[in-house]
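> Give the three-dimensional model of this entry:
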Amino acid sequence: MPKVPALGLVLEQGRWVVHATFGANEAVRAVPFDAIEIELAQVWGDRGAGR
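Residues are numbered from 1 along each chain as shown. As a prediction, this is how the structure comes out:
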């Protein structure tokens, strides 16, 4: 499984399920924060580069 800087998880029938994976330089709207766009490069900085 490739390393990804972020996972989008949702709770379905009492279990956490991977809903999406996001790369280091993406702008995402992920549950439960889908009301706002998050720039992952700003969150992860150098830690997300090249992974």
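> So Ala20: helix, strand or coil?
strand (DSSP: H, G, I helix; E, B strand; the rest coil).
> Same check on the one 4 residues further on?
At Ala24 the chain is in coil, as set by three-state DSSP.
> That one contacts Trp44, doesn't it?
Yes. The criterion here is Cβ atoms under 8 Å, and Ala24 meets it with Trp44 at 5.7 Å. In this view, the C-beta of every residue, glycine as well, is placed from N, C-alpha and C.
> Relative to Asn25, how far out is the residue in the chain sticking out farthest from the centre?
Among the C-alpha atoms of the chain, the one farthest from their average position, using Cα atoms, centre = their mean, is that of Gln13, at 21.2 Å. As judged by Cβ to Cβ, to the nearest Å, Gln13 and Asn25 stand 33 Å apart.
> now Val31
According to Cβ to Cβ, Val31 stands 20 Å off from Asn25.
> Which element, helix or strand, includes the closest residue to Asn25 other than its chain neighbours?
Spatial nearest neighbour of Asn25, excluding adjacent residues (Cβ to Cβ, 6 or more residues apart in numbering): Ala41 at 4.9 Å. Mapping Ala41 onto the secondary structure by DSSP states H and E places it in helix 40-44.
> chain center to that helix, what's the gap?
From the chain centre to the centre of helix 40-44 is a distance of 10 Å (Cα atoms, centre = their mean, to the nearest Å).
> ok, now stretch 7-26?
If you compare the mean C-alpha spot of stretch 7-26 with that of the full chain, they lie 7 Å apart, counting by Cα atoms, centre = their mean.
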